[in-house]
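# Structure, please.
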Amino acid sequence: MEKAINLEEKFKGIHEFWSPHIAAELNGQEVKLAKLKGEFVRHQHEQEDEMFLVMEGELIMEFDDRQELIKAGEFIVIPKGIYHKPIAKEEVKVLLFEPASTLNTGDVENERTRYNLNRI
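The predicted structure is shown next:
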């Protein structure tokens, strides 16, 4: 790629919530950008860890036994096999870092499942 990526400009091109876009790829991993609002589906990824870096807003990550609040400038790593449900009371902008094989809804397939992500 060898070019700087302006995250603010890339986020301007995202108009749908819960629909990740690929911003870059490296070593079998993808850097994805997404806007979130509302509640997502509770799910897990059997084979992949995920990293959520909150760029703007506040994200609640709900686990079976607790919730974690992730604020702008903070990130959380969700290990494979852990059930989680992202919740965004207001719009949140996140950068996701995860293997290219990661399906956004994990072990759940529904109307929010995205099989072919747009590149931004």
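# Please count neighbours and contacts with C-alpha atoms only from this point.
Will do.
# Check which helices and strands the worst-scoring helix or strand of the chain on mean pLDDT is in contact with.
Between all helices and strands in the chain, the lowest mean by mean pLDDT, DSSP states H and E belongs to strand 118-119, at a mean of 85. Helices and strands touching strand 118-119, by 3 or more Cα pairs under 8 Å, 6 or more residues apart in numbering; DSSP states H and E, are strand 21-26.
# switch to 10 Å and redo it
Applying 3 or more Cα pairs under 10 Å, 6 or more residues apart in numbering; DSSP states H and E, one finds that strand 118-119 makes contact with strand 21-26, strand 29-39.
# Where does the most centrally placed residue in the chain sit, in terms of helix or strand?
What sits nearest the mean C-alpha location of the chain, by Cα atoms, centre = their mean, is residue 96, with 4.4 Å. Using DSSP states H and E, residue 96 sits within strand 85-99.
# Restricting to C-alpha, output that strand in PDB.
What follows is strand 85-99, C-alpha atoms only, in PDB (Å, rounded to 0.1, in the frame of the first residue of the first chain):
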ATOM      1  CA  LYS A  85     -22.300  -8.500  21.900                       C
ATOM      2  CA  PRO A  86     -21.200  -5.000  20.800                       C
ATOM      3  CA  ILE A  87     -23.600  -2.200  21.900                       C
ATOM      4  CA  ALA A  88     -23.400   1.400  20.800                       C
ATOM      5  CA  LYS A  89     -25.900   3.800  22.400                       C
ATOM      6  CA  GLU A  90     -24.800   6.600  20.000                       C
ATOM      7  CA  GLU A  91     -22.800   6.400  16.800                       C
ATOM      8  CA  VAL A  92     -19.300   4.800  17.300                       C
ATOM      9  CA  LYS A  93     -16.500   4.600  14.800                       C
ATOM     10  CA  VAL A  94     -14.300   1.600  15.200                       C
ATOM     11  CA  LEU A  95     -11.200   0.100  13.600                       C
ATOM     12  CA  LEU A  96     -11.200  -3.700  13.600                       C
ATOM     13  CA  PHE A  97      -8.100  -5.800  13.200                       C
ATOM     14  CA  GLU A  98      -8.800  -9.400  12.600                       C
ATOM     15  CA  PRO A  99      -7.900 -12.300  10.300                       C
END
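# Many thanks, I have nothing further to ask.
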